[in-house]
Structures are given as C-alpha cells and as structure tokens.
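*Asks:* here is my input, please return the structure:
(one chain, ligands or ions: 2)
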Amino acid sequence: MTDDNRLVAGIELGGTKSIALIARGREIVELARFPTAEPQATLEALSAQIEAWQDAHGRVEAIGIGSFGPIGLDRSRADYGHITSTPKAGWSDIDLVGHFARRFSVPIGFDTDVAGAALAEHRWGAAQGCSVVLYLTIGTGIGGGVVVDGVPVHGLVHPELGHLRVRRATGDDFVGVCPFHGDCLEGLASGPAIAARAGMAGADIGDDHPVWSAVAEELAEAMAMLMLTLSPQRILIGGGVLQHRQQMFDRVRTRTAELLAGYVVGVGEAELADIIRAPGLGDRAGPLGAVALAYDS
Ligand code: ADP
Ligand code: ZN
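*Replies:* Ligands and ions are numbered 1, 2, ... in the order given. Down below sits the predicted model:
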C-alpha cells in the first residue's frame with residue numbers, strides 16, 4: 001500500500017476551513033483551502049475544485065474524507081458517512097459520503113480528520129512501525145484519533161479523546177468552554193479555552209503567562225491517562241496551539257513523567273521525548289490523512 005501511486009483526491013473538513021487536494025502516494029499534486037461555510041455551498045466548492053483538477057490531471061480513482069465529528073462510521077446504519085450531532089450550526093446530519101459518491105462514482109474512504117492524520121503518520125510520518133498510534137489536534141477543539149496495527153479504531157462510534165475529564169491543576173477553577181461537559185480537556189485546553197482563560201487572543205498570550213502552567217498540567221493528565229489505557233508508542237500532537245508553542249512539549253513530557261511516577265516500565269522522561277512529539281508530517285498530517293483514507297477505501 002505504501003507504494004500505491006494512483007491519483008486520488010482528499011477532502012479534509014475542518015470547523016473553520018476545509019481542504020481539497022489531489023495526490024499520488026504521499027506527494028500532494030494540488031491543494032486548495034475553502035472556508036467551512038454553509039454545507040451545500042462548501043461541498044459544492046470542494047467537489048467543483050476536484051472536477052477542475054480532473055480536467056487537468058485525469059480522473060481520480062478514490063476519494064478520502066477526513067472530517068470533524070462526530071461522524072457515523074457504521075456501514076449498516078442510515079447515518080453512515082454523515083456528520084451526526086455536531087454543535088456546528090447547519091452541519092448536523094449532513095451526508096458527506098453520499099454527496100461525493102453521487103458526484104464521482106469512485107470508492108470513498110471516510111473517517112475522522114484525526115484518525116486520518118494518525119493513519120498518515122503511521123504510513124509516512126513519525127509513527128512508522130508503531131502498533132499503537134495516537135494523533136491529537138489542539139486547535140479550535142481537541143480531537144484524537146487512534147490507529148492500531150494500521151487500522152483506525154472504531155467501536156460503537158470513534159474515540160473522543162478530546163472530551164476526557166482530567167484532574168484539575170491545583171487552584172484552577174475555570175469553568176471550561178465545552179458546550180457538553182464544561183471542564184473536559186477540550187473545555188480547558190483548546191485554543192478558545194486558553195484564550196478565554198487568559199482574557200486575550202491566543203496569539204497575544206505571553207509564553208510566561210500562568211495559563212500555560214495550567215494547560216501543561218491538564219495536558220499531562222490526559223497524556224498519562226492515554227499512556228495507561230492504550231500504551232501508545234506515539235502520541236503526536238498537531239493543531240494551531242502547540243504548533244506555535246513548541247516549548248510546551250517539554251513541559252508536558254516532564255509533568256507526564258512525574259504523574260506516571262516510573263510505574264510504566266520504559267516510559268520515563270527520556271522515552272517520552274520519543275513518544276510525545278509534533279507530527280512528522282507537520283501541517284500536512286491532516287491533508288495526507290485524507291489521502292491515506294482514499295487508498296484504504
Ligand atoms: P482548526 O482547529 O480550526 O483547524 P488550528 O488548528 O489552526 O485551527 O487552531 C486554531 C486555534 O489555535 C485558535 O483557537 C487559536 O486561538 C489558537 N492559536 C493560534 N495561534 C496561537 C498561538 N500562537 N498561541 C496560542 N494559541 C494559538
Ligand atoms: Zn467536552
């Protein structure tokens with residue numbers, strides 16, 4: 001599969017922007033970004049872009065869609081291929097796979113954006129050869145994908161690592177911004193949560209602002225929980241927040257090692273430097289995730 005070079009298309013649907021691309025293997029041939037606006041207009045813009053590229057490059061043989069969630073992944077259910085119950089206005093019950101299947105008549109791969117990114121990191125990035133791979137994005141929300149032996153984990157639905165409830169930093173009483181849970185991980189440590197806690201736009205917060213200590217503590221709680229439950233060889237963290245705050249990686253690793261307290265054999269601070277990392281594919285992890293889903297369709 002890694003040397004599959006067929007021309008495929010990828011769609012990454014994000015909360016604020018969406019991406020269409022075509023690729024051969026891990027090589028992106030064309031890529032364009034669109035605002036994630038009203039659903040029909042957005043899906044129309046993405047499909048029209050792929051059609052325009054097909055005129056120049058030839059027909060795509062499969063399409064992969066990595067989407068924000070929650071999404072329906074059970075092929076025996078009527079909501080397969082749909083975004084299901086998202087708080088994002090207008091996007092509940094939108095049939096993504098149906099739209100692209102009707103328009104292109106090719107196999108469609110479908111999963112969460114973060115499961116796709118984990119798959120791409122396993123295939124081409126920093127998680128090659130790893131049997132258990134986690135990919136977390138910390139941006140407008142927090143999402144997490146889990147890939148085991150090269151296959152995204154699906155159970156009843158899909159993992160929702162961003163909504164774990166973590167032990168709070170001492171003295172931290174911020175109520176949290178998650179519309180479902182208040183102070184779950186996303187409610188405490190997503191981009192909007194960090195901005196709300198600091199009372200200023202994320203990009204304006206100084207690196208020495210106390211909010212980062214609380215965020216490092218709460219992320220480390222989640223890392224320790226994930227190390228204990230899934231024993232991953234990699235936890236790759238993408239998204240806008242840590243991308244601009246690389247120094248947070250060391251703080252999170254140090255605190256994760258302290259929380260694990262030497263109990264998990266072979267997982268001290270030195271090993272966590274290998275395990276908890278930025279994505280090897282950088283900001284291409286999400287788009288290449290859609291490509292990996294196309295090849296697996
Ligand atoms: P999305 O989740 O929509 O894909 P990103 O992953 O780019 O978008 O994340 C956007 C979030 O990252 C916003 O909430 C923004 O406040 C936050 N962010 C962007 N730059 C910084 C920064 N330098 N420091 C802290 N937070 C930031
Ligand atoms: Zn939540």
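*Asks:* tell me the contacts of whichever residue of the stretch 151-297 of the chain sits closest to ligand 1?
*Replies:* The minimum distance from the stretch 151-297 of the chain to ligand 1, using C-beta to the nearest ligand atom, falls at residue 191 (2.0 Å). Placement of C-beta: from N, CA and C, glycine included. Taking C-beta atoms under 8 Å, 6 or more residues apart in numbering, we find residue 191 in contact with 138, 139, 140, 202, 239, 240, 241.
*Asks:* what does the stretch 151-297 of the chain put close to ligand 1?
*Replies:* 191, 192, 194, 195, 202, 203, 239, 240, 241, 244, 245 (C-beta under 6 Å from any ligand atom).
*Asks:* one more pass at 5 Å, please.
*Replies:* Within reach of ligand 1 by C-beta under 5 Å from any ligand atom, the stretch 151-297 of the chain has these residues: 191, 202, 203, 239, 240, 241, 244.
*Asks:* can you name the two of those that sit furthest apart?
*Replies:* Across these, the longest distance by C-beta to C-beta is 13.8 Å; it joins 203 and 239.
*Asks:* out of these two, which sits in the busier spot?
*Replies:* More neighbours surround residue 239 than the other of residue 203 and residue 239, with 24 against 9 (other C-beta atoms under 10 Å).
*Asks:* list the residues that contact that one.
*Replies:* Residue 239 makes contacts with 136, 137, 138, 139, 142, 191, as judged by C-beta under 8 Å, 6+ apart.
*Asks:* looking at the contacts of residue 191, which has the smallest pLDDT value?
*Replies:* Lowest pLDDT of those: residue 140, 90.
*Asks:* how many other residues sit next to it?
*Replies:* Neighbourhood size, residue 140 [other C-beta under 10 Å]: 19.
*Asks:* my guess is it contacts residue 15. True?
*Replies:* Yes. Judged on C-beta atoms under 8 Å, residue 140 makes contact with residue 15 at a distance of 4.8 Å.
*Asks:* can you pull up the most central residue in the protein?
*Replies:* With distances taken as C-alpha atoms, centre = their mean, residue 114 lies nearest the centre of the chain, 2.7 Å away.
*Asks:* doesn't residue 220 fall inside a helix?
*Replies:* Yes. According to DSSP: H, G, I helix; E, B strand; the rest coil, residue 220 belongs to a helix.
*Asks:* hmm, back to that, out of the contacts of residue 191, which is most surrounded?
*Replies:* The most crowded member of the contacts of residue 191, judged by other C-beta under 10 Å, is residue 138 (27 neighbours).
*Asks:* picking up where we left off before, would you list the contacts of residue 239 in CSV and tack on secondary structure?
*Replies:* Formatted as CSV, the contacts of residue 239 follow (three-state DSSP):
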residue, secondary structure
136, strand
137, strand
138, strand
139, coil
142, strand
191, helix
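*Asks:* nearest to ligand 2 among those residues?
*Replies:* Of all the contacts of residue 239, the one with the least separation from ligand 2 (C-beta to the ion) is residue 142, at 8.5 Å.
*Asks:* run through the bridge partners of that closest one.
*Replies:* In this entry, residue 142 is beta-bridged to residue 138, by DSSP bridges.
*Asks:* and it, how many neighbours?
*Replies:* 29.
*Asks:* quick check, it in contact with residue 159.
*Replies:* No. In this structure residue 142 lies outside contact range of residue 159 using C-beta under 8 Å: 12.0 Å.
*Asks:* ligand 2 contacts on the protein?
*Replies:* Contact residues (C-beta under 5 Å from the ion) of the chain with ligand 2: 163, 178, 180, 181, 184, 186.
*Asks:* PyMOL command for the buried members of these?
*Replies:* What follows is the PyMOL syntax for the buried subset of those, where burial is set by 16 or more other C-beta atoms under 10 Å:
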select buried, resi 163+178+184+186
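*Asks:* right, I'll call it a day here.
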